[in-house]
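> For reference, the sequence and a predicted model appear below.
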Amino acid sequence: MTAVPRAAFGLLVIGLALAAGPAAADWAKFQTSGGATVSAVLALPEGAGPHPAVIYNHGTVVRRDGYQTAADKGYDLDGYAAALAKAGYVGLAPVREHLAGADYAEAVSGGVETVRSAVAYLKSRGDVDGARIGAMGFSEGGLVTLWSAIKGIDVKAIVLMSPATIRDAGDWQLKSAAKRGTLGRLTMPVMLSVGENDNRSIRKVTARRLIPNLKSLGIPFEHKTDYPGDHKWFWSVQANHFADVAKFLDRHLKN
């Protein structure tokens, strides 16, 4: 990701357009509480705002292999940010390359701190309504999104896309997050989406633990576990899936 300098310039937006039109993706940069500099794909909707915003948390392939290599393999991070902007949200997709060499526990916990800093960054922007920030994530990013909400980060709705189980994450694995007592810390609406041919471990933990325990909380909860694809199906924006995501976000972040 050589197009984005790594020098720490604080909360800086870089005008490097990746696509044309009102939903064009640019680069933003912010720092975590630990001093790491994070580059993020940023896409803005039409109008001056302030707009609601959504943080998109990517899967392991982007963290491990880097933004460009993941894109070459078919992971469309830009597409998710642009789709959020087209739906009327400030879309921010932090690239967690500063955690590339971390073990899984450090990757998830570090991802949570990245989300915390991303929320602070969004609240610093004049075009964002800081009271209407949501988060969504896929695979490792879905687990990061869930733990971010459990840890009390100020997001008003979350979307979990095929959240990874990651047994090697220790206390940060999905089984730990999916315990009823742990999930009891959630107060915001939750949407869960899983592919019909998704990873067996994800289908097992979501069906046996996550879904029943989320249902028991009494918070708004929607789930669909038969989207027509496997785990990698979520690497790019799928029209039928994203339509469901946008409807969920609109109900809880625009009304």
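Cool, got the structure. Residues are numbered from 1 along each chain as shown.
> helix/strand/coil for residue 133?
Of the three states, residue 133 takes strand according to DSSP: H, G, I helix; E, B strand; the rest coil.
> what sits against it?
52, 53, 54, 55, 119, 122, 123, 154, 155, 156, 253 (C-beta atoms under 8 Å, 6 or more residues apart in numbering). To be clear about C-beta, it is placed using only N, CA and C from the backbone, and glycine gets the same treatment.
> Write down the beta-bridge partners of it, one by one.
residue 53 (DSSP bridges).
> what pLDDT does it get?
The model reports residue 133 with a pLDDT of 98.
> Kindly report the same for residue 13.
In this model, residue 13 is scored at 34, pLDDT.
> Keep only those of the contacts of residue 133 that are in strands.
Residues from the contacts of residue 133 lying in strands, with DSSP state E as the criterion: 52, 53, 54, 55.
> Can you lay out these as CSV showing neighbour count?
Output for those, formatted as CSV (neighbours: other C-beta atoms under 10 Å):
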residue, neighbour count
52, 26
53, 31
54, 32
55, 31
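> re earlier: closest one of the contacts of residue 133 to residue 95?
Nearest to residue 95 among the contacts of residue 133 is residue 55, at 12.1 Å by C-beta to C-beta.
> Surely residue 174 touches residue 164?
Yes. Counting by C-beta atoms under 8 Å, residue 174 does reach residue 164; the two are 6.7 Å apart.
> Tell me how far the closest residue to residue 161 other than its chain neighbours lies from residue 164.
Leaving aside its sequence neighbours, residue 161 sits nearest to residue 138 (C-beta to C-beta, 6 or more residues apart in numbering; 4.1 Å). Look at residue 138 and residue 164: by C-beta to C-beta, to the nearest Å, they are 9 Å apart.
> Pull up the overlap in contacts between the two.
Here residue 138 and residue 164 share the contacting residues residue 59, scored by C-beta under 8 Å, 6+ apart.
> And those two? Which one has more around it.
residue 138 (29 against 25; other C-beta atoms under 10 Å).
> Present the ones in strands among the contacts of residue 133 as a markdown table; the columns should include pLDDT.
As requested, the ones in strands among the contacts of residue 133 are exported to a markdown table (pLDDT from 0 to 100):
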| residue | pLDDT |
| --- | --- |
| 52 | 98 |
| 53 | 98 |
| 54 | 99 |
| 55 | 99 |
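> possible to save these as CSV with distance to residue 83?
What follows is these, written out as CSV (distance: C-beta to C-beta, whole Å):
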residue, distance to residue 83
52, 14
53, 14
54, 10
55, 14
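> Just give me the closest of those to residue 42.
Closest approach to residue 42 among those (C-beta to C-beta): residue 53, at 9.9 Å.
> list the contacts for that closest one?
Going by C-beta under 8 Å, 6+ apart, residue 53 touches 89, 90, 91, 92, 122, 128, 129, 132, 133, 134.
> right, and the helix or strand after the helix or strand containing residue 80?
Using DSSP states H and E, residue 80 maps to helix 77-86. Sequence-wise, the next helix or strand downstream of helix 77-86 (DSSP H and E) is strand 90-95.
> which residues do residue 174 and residue 164 both contact?
Listed as contacting both residue 174 and residue 164 by C-beta under 8 Å, 6+ apart are 143, 202.
> returning to that earlier point: which two of the ones in strands among the contacts of residue 133 have the greatest separation?
By the measure C-beta to C-beta, 52 and 55 form the most distant pair in the ones in strands among the contacts of residue 133, at 11.4 Å.
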